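*Asks:* following is a predicted model, sequence given first.
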Amino acid sequence: MFKLSQTDIDINILKASLLDAKAGAYVSFEGWVRDTNDSRHVLQLEYQAYETLALKEGAKILEEAQTRFGINGAACVHRTGSLQIGEIAVWIGVTCEHRQEAFEACRYIIDEIKTRLPIWKKETYTDGSSGWVNCRQHAHAEEINQEVGVS
Amino acid sequence: MFKLSQTDIDINILKASLLDAKAGAYVSFEGWVRDTNDSRHVLQLEYQAYETLALKEGAKILEEAQTRFGINGAACVHRTGSLQIGEIAVWIGVTCEHRQEAFEACRYIIDEIKTRLPIWKKETYTDGSSGWVNCRQHAHAEEINQEVGVS
Amino acid sequence: MGLSSGMPFTAEKQIHVDYFAILKEQRGKDSEVIQTSAATAQELYSELKERFGFSLAQNHLSVAVNDEFAKWDTPLKENDRVVFIPPVAGG
Amino acid sequence: MGLSSGMPFTAEKQIHVDYFAILKEQRGKDSEVIQTSAATAQELYSELKERFGFSLAQNHLSVAVNDEFAKWDTPLKENDRVVFIPPVAGG
């Protein structure tokens, strides 16, 4: 079960959906909004998602984890909209008979979420500036290229 | 913070103790009581701890994780007494700036807990039999050795 | 017969484009319908980058056509929905 | 002076032993005080295994003396607290 949520993630409900008397291990990951990123002081952030594709891709990542690691269950919710410091940006829960596969699957899911899910993060800093994470340095690299005449 | 608990583990309170605006990743492990172990149907189980040493050893494991992986925080609670299917036998929570170290530290802690903590598990099966896990096969191996005359 | 069956001389077509993140900011809107003769997603991005001054080079983007990840040389059809995907930052 | 300062000819001493798990079951109690001349933890386990019919071989156990993991050849002193640790099964 992969979901996007505009509001606070309620972990107890999500976790209840994974309860399973055959599962001996439950591994969970949460991404928390930190007050600092790359030494800049973060005030708040905003996630924007390409929802239709994000839902498809998220479900696909969970299926891949299921197939690769033979886990019992997996679920993931990613927040969208405006988030404050300390809020949960993403929650993942994995159940399995044994712990090794549960750890590996949970890690696989967050790694893939981070590289494949069409979701973007805009950070607003305490100095009033803001920017889309990962978009700036690329844009900047290109500006530099243009300045030195690289096409 | 390492604890033993005779009663249900309240995760929300434990997790609250780890909240940290500098932490971007929270990884958690729970060991759940399964209805089956080694193809035998489990009815319930009992954990017995050598408390003084278990508390020392548990705290030591958490300190080791802190030193090795540079995590922000770690906590663990292990149940003692009688547990039913689906109950949480052990809970571990780890926070860190980044996720890789959080996963590795969490896995380190549960691996060490399983091999070093002086805690024993007695399973009672649906057929009415029961036994201390890991003690039987050793005892049995020795009986066999005695039968064939190995000292 | 080829000419009468919907293959005009100009391959001018209507494409729905959705914008996200920095592209949305740079375009100042989140979607629009573009009349274009671009044959592929790649050609369409070149055209729009030029027209709207997008900062990101194509090699930093992915593209989705009709809500599936697609190759840049995917031929575009009338009424396709195209989304250019800036470097993601989920999690 | 050596003789009068608490070093008897027989090294008979009093040791507190706590039992857990299968040892507790096989002994039928969770602790007791043992009078023994065993010089080390290893000698004490041999003695008790023989006396109470413990099933576990010493090489499957660990031992703690005064609530710290200890080596089997640790010399035992009067009033030491010894715990033999069967294979653990936490988590």
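*Replies:* Cool, the structure landed.
*Asks:* please report how far the closest residue to residue A:45 other than its chain neighbours lies from residue A:105.
*Replies:* In space, not counting the residues next to it along the chain, residue A:45 is nearest to residue A:123; the distance is 4.9 Å by Cβ to Cβ, 6 or more residues apart in numbering or on different chains. Every residue, glycine included, has its C-beta placed from N, CA and C. Counting by Cβ to Cβ, to the nearest Å, the gap from residue A:123 to residue A:105 is 29 Å.
*Asks:* looking at these two, which is more packed in?
*Replies:* The neighbour comparison of residue A:123 against residue A:105 (other Cβ atoms under 10 Å in any protein chain shown) goes to residue A:105, with 25 against 21.
*Asks:* I figured the more buried one hits residue A:65, correct?
*Replies:* Yes: assessed by Cβ atoms under 8 Å, residue A:105 is found in contact with residue A:65 at 4.4 Å.
*Asks:* shared neighbours of those two, which are they?
*Replies:* A:71, A:74, A:94 (Cβ atoms under 8 Å, 6 or more residues apart in numbering or on different chains).
*Asks:* checking the first one next. Helix, strand or coil?
*Replies:* If I follow you right, that is residue A:71. Of the three states, residue A:71 takes coil under DSSP: H, G, I helix; E, B strand; the rest coil.
*Asks:* that one and chain C, how far apart?
*Replies:* Distance check for residue A:71 against chain C: by Cβ to the nearest Cβ, to the nearest Å, it reads 19 Å.
*Asks:* hmm, residue A:121 is touching residue A:42, no?
*Replies:* No: here residue A:121 does not reach residue A:42: they are 10.2 Å apart, not a contact under Cβ under 8 Å.
*Asks:* more neighbours: which of these two?
*Replies:* It is residue A:121, of residue A:121 and residue A:42, that has more neighbours when counted by other Cβ under 10 Å, with 22 against 19.
*Asks:* ok, the more buried one - contacts?
*Replies:* Residues in contact with residue A:121, defined by Cβ under 8 Å, 6+ apart, are A:45, A:46, A:47, A:132, A:133, A:134, C:89, C:90.
*Asks:* pLDDT-wise, what's the bottom of those?
*Replies:* The member of the contacts of residue A:121 with the lowest pLDDT is residue A:134, and it reads 88.
*Asks:* from residue D:72, how far out is it?
*Replies:* For residue A:134, the distance to residue D:72 under the criterion Cβ to Cβ works out to 58 Å.
*Asks:* what's the spacing between the helix or strand residue A:28 falls within and its chain's center?
*Replies:* With the criterion set as DSSP states H and E, the secondary-structure element containing residue A:28 is strand A:25-32. Relative to its chain's centre, strand A:25-32 lies at 12 Å (Cα atoms, centre = their mean, to the nearest Å).
*Asks:* now the next helix or strand after that strand, how far from the centre of its chain.
*Replies:* Per DSSP H and E, the first helix or strand lying C-terminal to strand A:25-32 is strand A:36-37. Average the C-alpha atoms of strand A:36-37, do the same for its chain, and the two points are 16 Å apart (Cα atoms, centre = their mean).
*Asks:* what's the mean pLDDT across strand A:36-37?
*Replies:* Averaging pLDDT along strand A:36-37 yields 89.
*Asks:* quick one on the thing from earlier: now the shared contacts of residue A:105 and residue A:65 as a markdown table including pLDDT and neighbour count?
*Replies:* Written out in a markdown table, the entries for those read as follows (pLDDT from 0 to 100; neighbours: other Cβ atoms under 10 Å in any protein chain shown):
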| residue | pLDDT | neighbour count |
| --- | --- | --- |
| A:71 | 98 | 25 |
| A:74 | 98 | 26 |
| A:94 | 98 | 30 |
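*Asks:* nearest to residue C:37 among those residues?
*Replies:* For the shared contacts of residue A:105 and residue A:65, the closest approach to residue C:37 (Cβ to Cβ) belongs to residue A:74, at 45.1 Å.
*Asks:* and the closest one, what does it touch?
*Replies:* Taking Cβ under 8 Å, 6+ apart as the criterion, residue A:74 is in contact with A:18, A:62, A:65, A:66, A:92, A:93, A:94, A:95, A:105, A:106, A:109.
*Asks:* so what's whichever residue of chain C sits closest to chain D up against?
*Replies:* Here chain C gets closest to chain D at one residue, residue C:91, 28.2 Å apart by Cβ to the nearest Cβ. Residue C:91 is in contact with A:31, A:78, A:89, A:90, A:110, A:113, A:114, A:117, counting by Cβ under 8 Å, 6+ apart.
*Asks:* repeat that for 7 Å
*Replies:* Contacts for residue C:91 were tallied using Cβ atoms under 7 Å, 6 or more residues apart in numbering or on different chains; they are A:31, A:89, A:90, A:110, A:113, A:114.
*Asks:* of these, which ones also sit close to chain C?
*Replies:* The residues of the contacts of residue C:91 that also fall near chain C, by Cβ under 7 Å from any Cβ of the partner chain, are A:31, A:89, A:90, A:110, A:113, A:114.
*Asks:* wait, which of these is closest to residue B:37?
*Replies:* Distance to residue B:37 across the ones next to chain C among the contacts of residue C:91 (Cβ to Cβ) is lowest for residue A:110, with 29.5 Å.
*Asks:* make sure the closest one is indeed in a helix.
*Replies:* Yes: the assignment for residue A:110 by three-state DSSP puts it in a helix.
*Asks:* do you know how far the spatially closest residue to it that is not a sequence neighbour is from residue B:24?
*Replies:* Distance criterion Cβ to Cβ, 6+ apart; nearest residue to residue A:110, sequence neighbours excluded, is residue A:29 at 5.1 Å. In this structure, residue A:29 and residue B:24 are separated by 11 Å, where distance is defined by Cβ to Cβ.
*Asks:* so where do the strands sit in chain A?
*Replies:* Residue ranges of the strands in chain A, as given by DSSP state E, are A:2-5, A:25-32, A:36-37, A:40-49, A:73-79, A:81-84, A:88-96, A:119-125, A:130-132.
*Asks:* err, chain C, not the other one
*Replies:* Counting by DSSP E, one finds strands in chain C at the ranges C:13-18, C:31-36, C:62-65, C:68-70, C:81-85.
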